[in-house]
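Enquirer: Sequence below, structure please.
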Amino acid sequence: MIRPTYQFRALFDGTTVPVLEQVVNFDEARQALLAGNIANFDTPMYQARDMDVGSFKKKLAEAITRKHRPPGHFGPDWPLKKGSSSAFGDDWPIDHPILYHDLNNVGMEFQVTEMAKNNMEFNTALSIMRHQMLLLQTAISERV
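Expert: Modelled structure (predicted):
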């Protein structure tokens, strides 16, 4: 007998929900890191940190293009774990050309811009996920 959780997981695997889930988790972890940079804007010797967005997107694209994958699994290191920035790869100091007198390199404009871009990506992923859920709800309830 197939467990109900497996049936629901198989239903979601046929959609973009698992991919969107990874995007939302990554954006959430990155937003917290960027907020930490802003919180330490005036902390002497603080070095701004960020996550490797390019590496995450490359890994995500590779997982999407994989043709044969078991249900609910994108590969040996998927799904990405939530809870710490290292779950998506190491965060690293940002190399900014600006270095202030207190050896802090947090550029407020850069951080706010990155947070805004990250927030837009997060909201877009949630919006697409919401539409996927509405489509699934419609299919389950057999309404047209």
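Enquirer: what about residue 139, neighbour count?
Expert: A count of neighbours around residue 139, defined by other Cβ atoms under 10 Å, yields 10. The way it works is simple: take the backbone N, C-alpha and C, and place the C-beta from them, glycine included.
Enquirer: Report the rounded mean pLDDT for the strand or helix carrying it.
Expert: For residue 139, the element it lies in under DSSP states H and E is helix 108-141. For helix 108-141, mean pLDDT rounds to 91.
Enquirer: What separation do you get for the nearest residue in space to residue 16 that is not next to it in sequence and residue 107?
Expert: Closest residue to residue 16 apart from its sequence neighbours, by Cβ to Cβ, 6 or more residues apart in numbering: residue 132 at 6.0 Å. Note on residue 132: its distance to residue 107, by Cβ to Cβ, to the nearest Å, is 37 Å.
Enquirer: Compare neighbour counts for those two and give me the winner.
Expert: More neighbours surround residue 107 than the other of residue 132 and residue 107, with 18 against 15 (other Cβ under 10 Å).
Enquirer: Report pLDDT for the nearest residue to residue 133 once chain neighbours are set aside.
Expert: In space, and not counting its chain neighbours, residue 133 is closest to residue 17: 7.8 Å by Cβ to Cβ, 6+ apart. According to the prediction, residue 17 has pLDDT 82.
Enquirer: Residue 17: what's it in contact with?
Expert: Applying Cβ atoms under 8 Å, 6 or more residues apart in numbering, we find residue 17 in contact with 129, 132, 133.
Enquirer: Which of these sits closest to residue 37?
Expert: residue 129 (27.2 Å; Cβ to Cβ).
Enquirer: Just give me the neighbour total for the nearest residue to the closest one once chain neighbours are set aside.
Expert: Counting by Cβ to Cβ, 6+ apart, residue 129 lies nearest to residue 20, which is 4.5 Å off, once chain neighbours are set aside. Other residues near residue 20 come to 18 when the count uses other Cβ under 10 Å.
Enquirer: any idea how far residue 107 is from residue 20?
Expert: On the measure of Cβ to Cβ, residue 20 and residue 107 end up 30 Å apart.
Enquirer: Ok, residue 115 next?
Expert: Distance from residue 115 to residue 107, by Cβ to Cβ: 12 Å.
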